[in-house]
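# Structure of the sequence below:
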Amino acid sequence: MSEHTPTPWRLRTEGNLGSAIEGPSGKRYGELDDGYRIVCSYQECCASDLYAVLEANRKANGEFIVKAVNNHERLVNALTQISQLTEALRQGGPDPADLQGLSDALEIATSVAHDTIADLIGAAKP
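Numbers count the residues shown, from 1 in each chain. Next up is the predicted model:
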């Protein structure tokens with residue numbers, strides 16, 4: 001089965017391929033080679049005829065792709081944890097009369113969601 005290139009991915013910022021995304025290859029050919037290889041390329045949308053705006057759009061697109069890829073596993077883990085906690089809430093937990101246990105599970109699920117969202121968007125926790 002094929003697998004995607006491991007993370008972390010990054011924007012290529014040197015050379016003439018300024019719209020490339022790189023990932024670690026696991027191979028290095030010399031001391032100046034950091035082992036990153038091109039995974040894909042991307043471009044700006046045609047929202048402007050101004051070069052500076054197109055470049056800013058292109059960079060924003062690349063940063064968005066890299067952020068999504070690098071946080072995918074974290075989001076899956078957070079959603080899995082929240083799903084497991086909410087499953088316990090739906091089933092009433094080990095003791096349906098244990099309201100504190102149910103309240104704790106809900107509090108943990110909410111905290112995981114808030115922490116993950118805050119970290120991803122760089123905002124303060126709600």
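
# Show me the shaky parts of the protein.
The chain contains residues with pLDDT under 70 at 1, 15-18, 44-48, 88-99, 102, 123-126.

# what residue is smack in the middle of it?
residue 71 (1.7 Å; CA atoms, centre = their mean).

# Leaving out chain neighbours, which residue sits closest to it?
residue 120 (5.7 Å; CB to CB, 6 or more residues apart in numbering). Every residue, glycine included, has its C-beta placed from N, CA and C.

# With residue 37 instead?
residue 25 (4.3 Å).

# Give me the phi and psi for that neighbour.
Phi and psi for residue 25, reported as degrees, to the nearest 10, are phi -90, psi -20.

# Kindly report the same for the one 3 residues further on.
In terms of degrees, to the nearest 10, the main-chain angles of residue 28 are phi -130, psi 130.

# tell me the contacts of it?
Contacts for residue 28 (CB atoms under 8 Å, 6 or more residues apart in numbering) come out as 34-35.

# Repeat that for residue 27.
Contacts of residue 27 by CB under 8 Å, 6+ apart are residue 35.

# Quick check: the gap between it and residue 21.
18 Å (CB to CB, to the nearest Å).

# Could you do residue 119 as well?
21 Å.

# Who has more neighbours out of the two?
More crowded of residue 119 and residue 21, by other CB atoms under 10 Å: residue 21, with 21 against 13.

# Can you classify the more buried one as helix, strand or coil?
strand (DSSP: H, G, I helix; E, B strand; the rest coil).

# So what sits opposite it in the bridge?
Residues in a beta bridge with residue 21, per DSSP bridges, are residue 11, residue 40.
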